[in-house]
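[1] I'll drop the sequence and a predicted model, then ask my questions.
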Protein chains: 2
Amino acid sequence: MGRAGLTTERLTRAGAELADEVGFDQVTVSALARRFDVKVASLYSHLKNSQDLKTRIALLALEELADRAADALAGRAGKDALAALANVYRDYAREHPGRYAAAQTRFDPQTAAAGAGGRHVQMTRAILRGYDLAEPDQTHAVRLLGSVFHGYVSLETGGGFSHSAPDTQETWSRILDALDALLRNWPAP
Amino acid sequence: MGRAGLTTERLTRAGAELADEVGFDQVTVSALARRFDVKVASLYSHLKNSQDLKTRIALLALEELADRAADALAGRAGKDALAALANVYRDYAREHPGRYAAAQTRFDPQTAAAGAGGRHVQMTRAILRGYDLAEPDQTHAVRLLGSVFHGYVSLETGGGFSHSAPDTQETWSRILDALDALLRNWPAP
DNA sequence: CCAATTTGCCTAAGGGTATTAGGCAAATAC
DNA sequence: GTATTTGCCTAATACCCTTAGGCAAATTGG
């Protein structure tokens, strides 16, 4: 029997695809082995364990998301930038639901520091440069934006808004309008 | 051997406690059987299967949450009501992380209809009566509030905001201020 | 109050996933 | 071209989930 050419890299990518197809929860070392037509134990030369695989997929997703966000923000400011970043999250979640779910993983500080989490915070902060917010309000606003983006996307992709008018695209636009208005007019304590 | 007095009800409650202790993902028919000092197969007289158990825990959590919300909203209006509802979600997630995680389960329409999901929407709508929002803006606002509450609580309990000043209580207060200001001043399309 | 029925928990068994240990052959290094 | 490393395999253990079938305790009804 020849070798299958397994690699931590390839396994992670295939795991991400698998996640998008069957859901991040269903990503399993066994399923991945089947996909490469290889015995399960063989993967353990490349992956520490099941958790390791999931962490790698999560970090991959965070990285991809940060790359897309950086692209989208280039040359934009103000509400334009706000909408661009928001749409990156929303679109990514729709295109890659499994990866997006993976990106929600909570890491231990060790792992988190190695990931792209910091890039996301920095990009959100960059957007706020288009508004007039001093610290600590800027941090409050970063957290609010993170909450809205994550919360909305997670509810929408989970079907939480389905089967009701008005449609979610309309709501999404109006929420971005509302956030823009709020940031331009952030209330004093 | 006497009987253990198992009940779907008791199993669901114990499952919710287990979820708070070890995490909703770790809730398992086997662990529940151990807790009652009973063989695993015995649970299958009371539960359809593992998924059934998880669904029941999720519905229990949604119900408890709706009950707490209804209590908190009684006699309040405006920003008071907004903060009360928001705090119900946040406090519940802190006290009962496993149950809160369970409450995020996405149900099939059949199951969703039987659950307390509708009560939550109705209570959020009730709060908005204190603000001057006509449809469809009211629905947009309901979705925004749901997104913020869920997003914030999920990020905070997941440790997404840790290790950084200002502290999360401060951010939470200022976010509620901001939402109140936004609702009082909802931008026209 | 005893017989019949239902109900509750058990044993047994089959199938899936995770993980480790040890082996053989293909790739690589010298 | 031999020596070493590396990659995938077989084998084995340890969970977890689920169904089938059995026995005894509880309940029902005469």
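    Thanks, I have it.
[2] Pull out the buried residues from the helix or strand bottoming out on mean pLDDT in chain A.
    Least confident element among the helices and strands of chain A, by mean pLDDT, DSSP states H and E: helix A:109-114 (a mean of 90). Buried residues in helix A:109-114, counting neighbours by 16 or more other CB atoms under 10 Å in any protein chain shown, are found at residue A:112. Just so you know, the C-beta spots here come from the backbone N, C-alpha and C atoms, and that holds for glycine as well.
[3] Quick check: next helix or strand after it?
    Where DSSP states H and E defines the elements, the next helix or strand beyond helix A:109-114 is helix A:117-128.
[4] what does that following helix rub up against?
    A:62, A:65-66, A:69-70, A:73, A:77, A:81-82, A:85, A:107, A:138, A:141-142, A:145-146, A:183 (CB atoms under 8 Å, 6 or more residues apart in numbering or on different chains).
[5] Over to stretch A:48-58?
    The contact list for stretch A:48-58 (CB under 8 Å, 6+ apart) reads A:8, A:11-12, A:15-16, A:19, A:24, A:27-29, A:32, A:43, A:47, A:99, A:102-105, A:107, A:111, A:115.
[6] How about the residue in chain A positioned nearest to chain B: what's its closest non-neighbour residue?
    Closest to chain B within chain A is residue A:151: 2.4 Å, counting by CB to the nearest CB. Of all residues not flanking residue A:151 in the chain, residue B:151 sits nearest, at 2.4 Å (CB to CB, 6 or more residues apart in numbering or on different chains).
[7] Those residues of chain A touching chain B, which are they?
    Residues of chain A lying near chain B by CB under 8 Å from any CB of the partner chain: A:104, A:106, A:109, A:136-137, A:139-140, A:143-144, A:146-152, A:154-155, A:158-161, A:163-166, A:168, A:170-171, A:174-175, A:177-178, A:180-182, A:185-187, A:189.
[8] ChimeraX command to pick out the buried ones of these?
    Typed into ChimeraX, the next command selects the buried ones out of the residues of chain A next to chain B (criterion: 16+ other CB under 10 Å):
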select /A:104,137,139,140,143,144,146,147,148,149,150,151,152,154,155,158,160,161,168,171,174,175,177,178,180,181,182,186
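[9] And the least confident helix or strand of chain A, what does it pack against?
    For helix A:109-114, the elements it packs on are helix A:50-73, judged by 3 or more CB pairs under 8 Å, 6 or more residues apart in numbering or on different chains; DSSP states H and E.
[10] could you give the mean pLDDT of the very next helix or strand once past the helix it packs on?
    Sequence-wise, the next helix or strand downstream of helix A:50-73 (DSSP H and E) is helix A:78-95. In this model, helix A:78-95 carries a mean pLDDT of 98.
[11] Just the CA trace of the very next helix or strand once past helix A:78-95, in PDB.
    The helix or strand immediately downstream of helix A:78-95 is helix A:97-103, counting by DSSP H and E. Below are the C-alpha coordinates for helix A:97-103, written out as PDB (Å, rounded to 0.1, in the frame of the first residue of the first chain):
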ATOM      1  CA  PRO A  97     -21.100  27.500   8.600                       C
ATOM      2  CA  GLY A  98     -18.900  24.800  10.000                       C
ATOM      3  CA  ARG A  99     -15.800  26.900  10.000                       C
ATOM      4  CA  TYR A 100     -17.700  29.800  11.500                       C
ATOM      5  CA  ALA A 101     -18.900  27.600  14.300                       C
ATOM      6  CA  ALA A 102     -15.300  26.500  14.800                       C
ATOM      7  CA  ALA A 103     -14.200  30.100  15.100                       C
END
